[in-house]
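In: only the shape, not the letters, is given here:
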């Protein structure tokens, strides 16, 4: 039953993707309400799925790779709902929907929804640590999307080749401000998640700790470069994409290691 | 009732001919002189058109006579520049005009404002009644829908407006941005004015002739600075408009490097409209610098025009829908019916069509 909710949610994101592609091909793309509504509807079904799964598990539903990916997709949609309209970057929906769609489709198709044989005990600190880190990943994902938008817009301005999407993308300075804010939000949440890891009360795999600190250091370096004006906006945008790709790979590693660690 | 449009435009007449017929007639004069029930005169630099509703057919020559400044001396050949549209064709023509499809620059929006003004003026003088009211309200609605649902008005098609659009895509809001105008040419003046109209308040003008710099500064509400000070100004400004008559480039990558120090996260937009160019093209390769010369600005304008032309079919489809909708509505049908009965009653007039 809960997987059906997820399928409906994925269809909502797919609708936003299809509409964006069709509009871009017709050359009449407009960042209207459709994308925001589609993402919003998809978010509601995601929430329903996570709620049912969490109720069944009796804890935050991030016990396997499948749930981690869905929680990450939910975090991305959540941050988009909060950040998108605030920065008047509703076009982000056009870029957010494909990412969420890909993550959810992969999670649904790959055989990663492995249920634990033994019911995992609830540990509030562990759940807070994991969920906070994933919400931070959502902010990093949005920063990555804004980075893509920045590079697309910058490329058009540099080459003097302006396509239909040029007129719908936000100005460079607005995009860069959004990237910076998302990075700071993501970094603050991630630091909170990381710090809460020290209160879990049980030893974590060394690899997991190393990966988590590597992600933290990576984003700390990007923010330091930005803050002290050592990195040009284009490089910050590119690093947001590199950073999130690396973070996603490490997340996979962390979750996989944790899953292996928890197996009897 | 017969709905008709008689007029000439840039498609059929040169500017001398258009001048002869523009601004000499009033809608009420056409009402009295040509025997229309309702009349509206739309005059712009590219067209002179009379939209009318009449119980009987009004000959085109009557309208031309009303429009002409000197009735007796009106050259015979001018009449061939006039076109006439009736009923559904008239409706379609007006809708195309208000949507900017019949304009010299496809998709321009000024015509809609001019049509609204013409309608207001005819309504105020009592020359436009219920028939023209319905016709023009529908035309305005059609134009709004076309603008919303197609990209027909997308992008700018003049050098100055392209430059301003690009500036807004780099900086967002332009208020608070600093602009330096180097060289006081006509295009730089137009571009500077366009930037001021979008909120730029800090505008500096530099020219080899300080008098000319001061004059332009006064015109655009900026301040003049000495020509030898402009490199120093480049450290502060966000937008540089350059149009000097220098034979060698004033700005190269090497000379720009020290000016860009400490502004890594502040873009610099350079609009080089000088020929020969004032800025070395390699400057565009520098981080955070966006250089547009006259060719690239014109190329962007051309891209916008191409984009607009690609939208014509979509706009025509919306117009066709509205023409059918208008024509199928009660008033329009009554218009046509009464026209046909009037025409059948006077076969001589009908043959004048």
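Out: Structure's in. What do you need? The structure presented is a predicted model; accordingly, all values stated were derived computationally and were not measured.
In: CA atoms for contacts and neighbours, from now on please.
Out: OK.
In: and residue A:11, what does it touch?
Out: residue A:42 (C-alpha atoms under 8 Å, 6 or more residues apart in numbering or on different chains).
In: quick one: it is in a helix?
Out: Yes: the assignment for residue A:11 (DSSP: H, G, I helix; E, B strand; the rest coil) places it in a helix.
In: how about residue B:109, phi and psi?
Out: phi -100, psi -10 (degrees, to the nearest 10).
In: give the contact list for it.
Out: Counted by C-alpha under 8 Å, 6+ apart, residue B:109 has contacts B:99-100, B:153.
In: in CSV, list those along with distance to residue B:178 and pLDDT.
Out: Converted to CSV, those look like this (distance: C-alpha to C-alpha, whole Å; pLDDT from 0 to 100):
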residue, distance to residue B:178, pLDDT
B:99, 36, 95
B:100, 35, 94
B:153, 29, 85
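In: of these, buried ones?
Out: Among the contacts of residue B:109, those classed as buried by 16 or more other C-alpha atoms under 10 Å in any protein chain shown are B:99-100, B:153.
In: neighbours of residue A:82, just the number please.
Out: Neighbourhood size, residue A:82 [other C-alpha atoms under 10 Å in any protein chain shown]: 11.
In: near chain B at all, the helix or strand hosting it?
Out: Element membership of residue A:82, judged by DSSP states H and E, is helix A:65-86. No: if you take C-alpha under 8 Å from any C-alpha of the partner chain as the test, helix A:65-86 misses chain B, and the best it gets is 15.7 Å.
In: so what's the gap between that helix and the chain middle?
Out: 6 Å (C-alpha atoms, centre = their mean, to the nearest Å).
In: what helices or strands is that helix leaning on?
Out: helix A:33-57, helix A:92-109, helix A:124-159, helix A:233-262 (3 or more C-alpha pairs under 8 Å, 6 or more residues apart in numbering or on different chains; DSSP states H and E).
In: mind checking these for the one nearest to residue B:85?
Out: Nearest to residue B:85 among the helices and strands packed on helix A:65-86 is helix A:33-57; the distance by C-alpha to C-alpha comes to 40.5 Å.
In: what about the closest one, distance to the chain center?
Out: Its chain's average C-alpha position is 15 Å from that of helix A:33-57, according to C-alpha atoms, centre = their mean.
In: now it: buried residues?
Out: Applying 16+ other C-alpha under 10 Å to helix A:33-57 flags A:34-51, A:53-54, A:57 as buried.
In: ok so, going back, would you reformat the contacts of residue B:109 as CSV and include secondary structure?
Out: Output for the contacts of residue B:109, formatted as CSV (three-state DSSP):
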residue, secondary structure
B:99, coil
B:100, coil
B:153, coil
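In: of those, closest to residue B:322?
Out: For the contacts of residue B:109, the nearest to residue B:322 is residue B:99 (12.0 Å; C-alpha to C-alpha).
In: what about that closest one, distance to residue B:138?
Out: Here the criterion is C-alpha to C-alpha, to the nearest Å. By it, residue B:99 lies 12 Å from residue B:138.
In: repeat for residue B:246
Out: Residue B:246 is 54 Å from residue B:138, by C-alpha to C-alpha.
In: what residues does the stretch 1-150 of chain B put near chain A?
Out: Taking C-alpha under 8 Å from any C-alpha as the measure of proximity, the stretch 1-150 of chain B contacts chain A at B:149-150.
In: done for today, thanks.
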